[in-house]
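Engineer: Show me how the following folds:
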Amino acid sequence: MPPPKSWTPSSESPDSGEGTRDAPHGYRPWPNSGRHEPASPFRVRRPSALLSFFDRMRAKKAVIAVIGLGYVGLPLAQLFASKGYRVLGFDNDPAKIAALKSGKSYIASIASLEKTFEAVPSFGRLADADAIVICVPTPLTAGGKPDLGPIRRTAAVVARHLQSGQLVVLESTTYPGTTREEVLPRLKKAGKPFLLGYSPERQDPGNRIMTLDSIPRLVSGVDEDSKEATAELYRAVTVEVIAVSRPEIAEAAKLLENVYRSVNIALVNELKMAFDRNGIDVWKVIDAASTKPFGFHEFRPGPGPGGHCIPIDPFYLAWWAERGGASAKFIRLSGELNKRMPEYVVDRLATRLKLKGAKVLLLGIAYKRNVGDPRESPAFAIAKVLVRRGAKPSYHDPFFAKPPAMRHYRGLKLPSASLESIPDFDAVIVVTDHSIYDYEWIARNARLVVDTRHAVVDGDNVIRA
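Structural biologist: The predicted structure is shown next:
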């Protein structure tokens, strides 16, 4: 028997029968209902499909589908599988699915979860899932606007295979309103009752203390049942679940987290350039300011931020704000300033070295120390500037025997080199401060070092940038 109509998303939600944070005295005004309903003294029984989902989650019988097995989706799939849930992993890259099925993955331990994790080549298997989590990319268009193509296409695929009572959760970082405006109407075309939530990913690659299951998780839903089901899903694998009233709140919170970092990194990068010009060491300034026990949070400059959160996400918020007629000058300014840092690094090198024909070694092409993640790494932008100005860049990175394919840098030739060859280069640029590097040895053996991470001790052959 299908669940009652009142349970479907965006329709009037059934009474909870008890007070909520928004209505602590037992009255729950539902959007567009045009009335206030007194709460029943008894908790009204939830639809059987929702209760069944709760039961299957708690008994670890629920099947979790994860769409998008990248830097967000694969660790999430691994987490659910490690907790004893059966997980189906989907991706539109056949090579990735084949690698996972053969046990070859950048997460080595995924192979040990073969009893609970399965990489699936056919989206038809989505019908087997109790919950479907969407973890697809949200890039920018060539014009710098949000590209929701991956979300829209994935929502359409899910709708084609949607089963009554399934929970669908969007994790992809995006602007407020995406879940309700883009995903919900596409799923409705299936003509079946379903639950829809939003829970923004929160990861810190390479952080062994703040692991995925120890980071508090924001959850929300397009209606009360969807929110409760989404909370139940993540409660099974996360130390703390924090429910917010609307998906738009969770979507905006994720962007705020990233814009906060973007703005503060841009600030210290701008100060670095000002202090360099006036002979002041920005690192010593930051260390001094950090002694204040209140009102100051330390951010450190660099060659430009990488990953997805800072180079891309602030522009989602800026576009959304401007679409609504608001100003986003501060957000855009921070993004543009951070994008200028690779050029500044090369400018600093040019103060001591004639670039035309110079051999330059980039140490580290990952965007972050001790991780094998090249997304939006400033190393590629620096290499591109060096080539444009006549230099010959090479690289070394312990995570990459050969340079990864980068969609914005197709055709960029960046050969690899050994650390032993450092004396043969005219200059070395420390782009990513991997802990494997012996920076004292590098400083002794390099002709010239451009240090963007404050990794090398002061010396006559060291330039801060």
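
Engineer: For the chain, which segments count as strands?
Structural biologist: For the chain, the strands defined by DSSP state E occupy 63-67, 86-90, 117-120, 131-134, 167-170, 195-198, 217-221, 241-243, 359-363, 392-396, 427-430, 449-451, 462-464.

Engineer: and the chain, what are its domains?
Structural biologist: Following automatic domain parsing, the chain resolves into domains at 5-245, 253-339, 341-464.

Engineer: re earlier: can you say which of the strands of the chain is nearest to T351?
Structural biologist: Ranking the strands of the chain by their distance to T351 (criterion: Cβ to Cβ) puts strand 462-464 first, at 7.3 Å. For every residue, glycine as well, the C-beta is placed using N, CA and C.

Engineer: average model confidence for that closest one?
Structural biologist: Average pLDDT, strand 462-464: 95.

Engineer: tell me what that strand is packed against?
Structural biologist: helix 341-350, strand 449-451 (3 or more Cβ pairs under 8 Å, 6 or more residues apart in numbering; DSSP states H and E).

Engineer: which residue packs closest to D55, ignoring adjacent ones?
Structural biologist: If the residues on either side of it in the chain are set aside, D55 comes closest to K61, at 8.0 Å by Cβ to Cβ, 6 or more residues apart in numbering.

Engineer: Tell me how far the one you found lies from G197.
Structural biologist: 20 Å (Cβ to Cβ, to the nearest Å).

Engineer: and what of W320?
Structural biologist: W320 is 20 Å from G197, by Cβ to Cβ.

Engineer: Looking at the two, which one has more neighbours?
Structural biologist: Legend: neighbour count by other Cβ atoms under 10 Å for W320 and G197, higher for G197 (30 against 20).

Engineer: E224 is in contact with that one, correct?
Structural biologist: No: counting by Cβ atoms under 8 Å, G197 stays clear of E224, with 11.0 Å between them.

Engineer: Burial check on D204, number of neighbours?
Structural biologist: D204, neighbours per other Cβ under 10 Å, totals 14.

Engineer: Contact partners for it?
Structural biologist: 210, 215 (Cβ atoms under 8 Å, 6 or more residues apart in numbering).

Engineer: Columns mean pLDDT, mean neighbour count and distance to F399 on top of the helices and strands packed on strand 462-464, output as CSV?
Structural biologist: Listed next are the helices and strands packed on strand 462-464 as CSV, based on pLDDT from 0 to 100; neighbours: other Cβ atoms under 10 Å; distance: least, Cβ to Cβ, whole Å:
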stretch, mean pLDDT, mean neighbour count, distance to F399
helix 341-350, 97, 21, 20
strand 449-451, 98, 27, 20
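
Engineer: Of all these, which one is nearest I331?
Structural biologist: That would be, of the helices and strands packed on strand 462-464 and by Cβ to Cβ, helix 341-350, which comes in at 17.1 Å.

Engineer: which other helices and strands contact the closest one?
Structural biologist: Against helix 341-350 (3+ Cβ pairs under 8 Å, 6+ apart) you get helix 247-277, helix 378-388, strand 427-430, strand 449-451, strand 462-464.

Engineer: Mind doing that once more with 6 Å?
Structural biologist: helix 378-388 (3 or more Cβ pairs under 6 Å, 6 or more residues apart in numbering; DSSP states H and E).

Engineer: Report the inter-axis angle for the helix it packs on versus strand 359-363.
Structural biologist: 170 degrees (axes from the mean of the first three to the mean of the last three Cα atoms, to 10 degrees).

Engineer: and helix 378-388, how far from the chain's centre?
Structural biologist: 24 Å (Cα atoms, centre = their mean, to the nearest Å).

Engineer: tell me what that helix is packed against?
Structural biologist: helix 341-350.

Engineer: relative to helix 378-388, how tilted is the helix it packs on?
Structural biologist: Going by the same axes, to 10 degrees, helix 341-350 makes 50 degrees with helix 378-388.

Engineer: the inter-axis angle of helix 341-350 versus helix 247-277?
Structural biologist: Using the same axes, to 10 degrees: helix 341-350 against helix 247-277 is 10 degrees.

Engineer: chain center to helix 341-350, what's the gap?
Structural biologist: So, by Cα atoms, centre = their mean, the centroid of helix 341-350 is 28 Å from its chain's centroid.

Engineer: just stretch 85-93 next, same as before
Structural biologist: Worked out by Cα atoms, centre = their mean, stretch 85-93 lies 19 Å from the chain centre.

Engineer: where's stretch 82-101 relative to the chain centroid, distance-wise?
Structural biologist: Centre to centre, stretch against its chain (Cα atoms, centre = their mean), the figure for stretch 82-101 is 19 Å.
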